[in-house]
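> give me a 3D structure for the following:
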Amino acid sequence: MPRLLCKAFVLRSVRYGENRRMLDLLGENDRLISISAAAGRGRSGAAALSQAFVFGEFELFETQGRFRFNQGELLHAFLPLSEDFRRLSAAAHLAELFCDALRSGQTVAGAYELWAYASQRLSQSSEPLFDVRIAQYRFLCLLGFSPWLRDCSICHASFEPGYVFQTHTGGLICPRHPLEADSGGRLRMSSGLRACLLYLADCRVEQLFAFKAEESLKKEVIAFSDRWCEEVMEKKYERLKIAEDLENFSFQTEVEIRESERESEKGMKEHEI
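Presented below is the predicted three-dimensional model:
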């Protein structure tokens with residue numbers, strides 16, 4: 001029975017049976033491995049390592065092409081990811097994207113390193129719903145789906161404000177080329193958005209989150225990253241929308257409470273007068 005020691009991140013953990021889980025691991029070789037794991041107490045760290053988003057060292061055994069493990073060592077738990085709904089939603093979304101892309105056994109160079117930096121960032125970030133869009137876009141670029149942003153994808157005219165990005169062709173189109181009515185999704189490309197996307201595609205991974213952006217640019221990045229992800233993966237991801245709806249609801253509720261408090265204070269002052 002071949003034995004393998006590897007360090008890996010747990011991207012997905014699904015319970016089955018009374019005392020077992022199926023885990024999707026992202027290993028150092030940038031490949032996804034699905035294993036069966038005992039999740040009971042007192043099994044040499046198996047319970048701790050069967051939780052989603054943890055990082056650990058796994059002792060795997062292969063039998064007829066299938067992997068299982070019963071012991072290992074937890075190296076980092078990334079607890080903040082499970083203590084905040086926005087961070088948890090962001091991590092779950094990114095894990096779903098990684099699993100969808102790597103499920104077929106494909107190796108994507110840089111996937112392991114990107115997950116390491118992204119999970120660390122998300123566990124500390126005050127804006128996880130923005131930062132996960134950065135990681136999402138970078139991962140799509142690693143998959144080989146970098147959009148054409150250098151110049152017009154048709155005539156290669158130098159970029160100027162007013163160019164349109166056409167999602168189904170994956171490139172910029174200048175005003176010299178009228179778009180057909182049924183030509184697919186279009187996004188206006190500002191100079192700031194283009195510069196940001198070029199940076200995110202080409203920078204070193206340790207510098208991926210090391211920049212500041214205005215709120216208007218953040219909204220553009222979020223819209224582009226989500227639309228490009230949907231186009232490339234041919235799938236709509238809903239986890240982040242749920243988190244954003246909840247965040248917006250919480251913000252609106254807080255505003256309403258403050259307005260109610262102000263009205264109450266105003267009424268009390270008028271009554272005293």
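> list the contacts for Glu160?
For Glu160, the contacting residues are Cys174, by CB atoms under 8 Å, 6 or more residues apart in numbering. Every residue, glycine included, has its C-beta placed from N, CA and C.
> let me know whether His177 touches Ser153 as I believe.
No - His177 is beyond contact range of Ser153, at 9.2 Å (criterion: CB atoms under 8 Å).
> of those two, who's got more company?
Ser153 (19 against 13; other CB atoms under 10 Å).
> quick one: strands adjacent to the strand ranked longest in the chain?
The longest strand of the chain (DSSP state E) is strand 3-16. Sheet pairing of strand 3-16 (DSSP bridges) gives strand 20-27 (antiparallel), strand 55-63 (antiparallel).
> report the buried residues of that strand.
Neighbour counts using 16 or more other CB atoms under 10 Å place 6, 8-13 of strand 3-16 among the buried residues.
> swap in stretch 72-92?
72, 77-78, 80-82, 84, 86-92.
> from these, which ones fall inside helices?
80-82, 86-92 (DSSP state H).
> in those, which has the lowest confidence score?
In terms of pLDDT, Ser82 ranks lowest among those, with 89.
> pretty sure it sits against Phe53.
Yes - Ser82 lies in contact with Phe53 (CB under 8 Å); the separation is 7.3 Å.
> for Leu198, state which of the ones in helices among the buried residues of stretch 72-92 is nearest.
Among these, Ala90 lies closest to Leu198 (CB to CB), at 23.6 Å.
> dump the residue contacts of the closest one.
122, 128-129, 131-132, 240, 243.
> where along this protein do the strands fall?
Counting by DSSP E, the strands of the chain are 3-16, 20-27, 32-38, 55-63, 66-76, 148-152, 164-166, 171-173, 186-188.
> where does pLDDT dip in this structure?
Low-confidence segments of the chain (pLDDT under 70): 1, 39-45, 70, 180-184, 247-273.
> quick check, central residue of it?
Leu94 (3.2 Å; CA atoms, centre = their mean).
> quick one, what contacts that one?
By CB under 8 Å, 6+ apart, the contact set of Leu94 is 115, 118, 122, 132, 135-136, 139.
> now neighbour count and distance to Glu215 too, for these, in JSON lines please.
Putting the contacts of Leu94 into JSON lines (neighbours: other CB atoms under 10 Å; distance: CB to CB, whole Å) gives the following:
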{"residue": "Trp115", "neighbour count": "23", "distance to Glu215": "27"}
{"residue": "Ala118", "neighbour count": "25", "distance to Glu215": "22"}
{"residue": "Leu122", "neighbour count": "27", "distance to Glu215": "20"}
{"residue": "Val132", "neighbour count": "28", "distance to Glu215": "17"}
{"residue": "Ala135", "neighbour count": "28", "distance to Glu215": "19"}
{"residue": "Gln136", "neighbour count": "24", "distance to Glu215": "19"}
{"residue": "Phe139", "neighbour count": "22", "distance to Glu215": "24"}
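> and which of the residues you listed is nearest to Gly162?
So of the contacts of Leu94, ranked by how close each gets to Gly162 (CB to CB), first place is Gln136, at 26.5 Å.
> the closest one reaches Val232, doesn't it?
No - in this structure Gln136 lies outside contact range of Val232 using CB under 8 Å: 10.1 Å.
> what about Leu97, neighbour count?
23.
> quick check: it vs His168, distance?
To His168, Leu97 is 20 Å away according to CB to CB, to the nearest Å.
> what's the most distant pair in the buried residues of stretch 72-92?
Checking the buried residues of stretch 72-92 with CB to CB, the most distant pair is Gly72 and Arg86, at 29.3 Å.
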